[in-house]
Each structure stands twice: as structure tokens, then as C-alpha cells.
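Q: Kindly generate the corresponding structure for this input.
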Amino acid sequence: MSSVSEGVELFRDILSPVGKFLSGIRITRLIVRCSVGGSDAAQTALQYGQMNAYIYGAAALLRNFFHLQIREISLYSDFLSQKTKLFFSFELRVSVFSILRAAFSAVGSFFRFVLKKKKKVRKKKTNSLLQEE
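A: Sure, this is the predicted structure:
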């Protein structure tokens, strides 16, 4: 049981630096262009709705984790084409400061975890020695 709780504690300690790193990432100049096609008008309309949900859902998800600057999202139906075409481009920027901050935070979290574990082991040894006497 203690190994599971220690694993959860280590995972929680690691998530903090990852969050700090992700907050330092900037996605700029995002351009998404999608031409939705299908075999008939009804299928094109259904695929248009699906692509709309995918694209705007992905943009909302990205905004939750990164600084996101959208330049253009263009989604249109093409009733003459049988295929859906997707084009996207973006610029990804990461500052050296955010990388270093996350790295130092991760190392610090790991050392705190190791020190807590050593403290627990010492406490167990002390308790077992006291019980033997």
C-alpha cells in the first residue's frame, strides 16, 4: 500500500514542473484551413459538423495548456470534392527560462521525495529498535 501512495506522491510532485514547463510554451500564428468534402451533400454536412467540433475543440484544449494565438481558422464545405483537405501551420516558442525553471523544480521535487522516503525509513528503523528493547 505504501508503494502505491509513494508512487502517487511522486507523480503529483512531477506534475508541478510539467505544468510550469507547459505554461511557458507559446503557440503563435496558428492557421487552420479545412475544406470538407463528401460523396453527397448530406455526408458533407455531417463531416463539416464533425470537423468543426474537432478543430474548435482542439483549439479550446490547446488554450487550456498553452498560450495560443490564433491567426486564422477557416472551415468550409466543398460539395464538388469527395475528399476532406486539412492544412495547418503554427510557430512554437519556448523560452530557456521556462525550461530551466521546470528542470530545477523537477530536481527539487525529486530530492524532496527522496528525503521524505529516507525520513520514513529512519523512523521505521527507530520504531523497530525501540520495540525490540
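Q: what distance separates the one helix or strand Ser5 maps to from the middle of the whole chain?
A: Per DSSP states H and E: Ser5 is located in helix 2-23. Counting by CA atoms, centre = their mean, to the nearest Å, helix 2-23 is centred 14 Å from the centre of its parent chain.
Q: who touches it?
A: Here helix 2-23 makes contact (CB atoms under 8 Å, 6 or more residues apart in numbering) with 65-67, 98-99, 101-103, 105-106, 109-110, 112-113, 116-117. C-beta coordinates here come from the backbone N, C-alpha and C atoms, glycine included.
Q: Keep only those of these that are in helices.
A: Of these, the ones assigned to helices by DSSP state H are 65, 98-99, 101-103, 105-106, 109-110, 112-113, 116-117.
Q: Just the buried residues of those.
A: The neighbour-count test (16 or more other CB atoms under 10 Å) marks Ser98, Arg101, Ala102, Ser105, Ala106, Ser109, Phe113 as buried among the ones in helices among the contacts of helix 2-23.
Q: Can you lay out these as a markdown table showing pLDDT and distance to Ile14?
A: What follows is these, written out as a markdown table (pLDDT from 0 to 100; distance: CB to CB, whole Å):
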| residue | pLDDT | distance to Ile14 |
| --- | --- | --- |
| Ser98 | 83 | 16 |
| Arg101 | 85 | 15 |
| Ala102 | 82 | 10 |
| Ser105 | 83 | 10 |
| Ala106 | 81 | 7 |
| Ser109 | 79 | 6 |
| Phe113 | 78 | 9 |
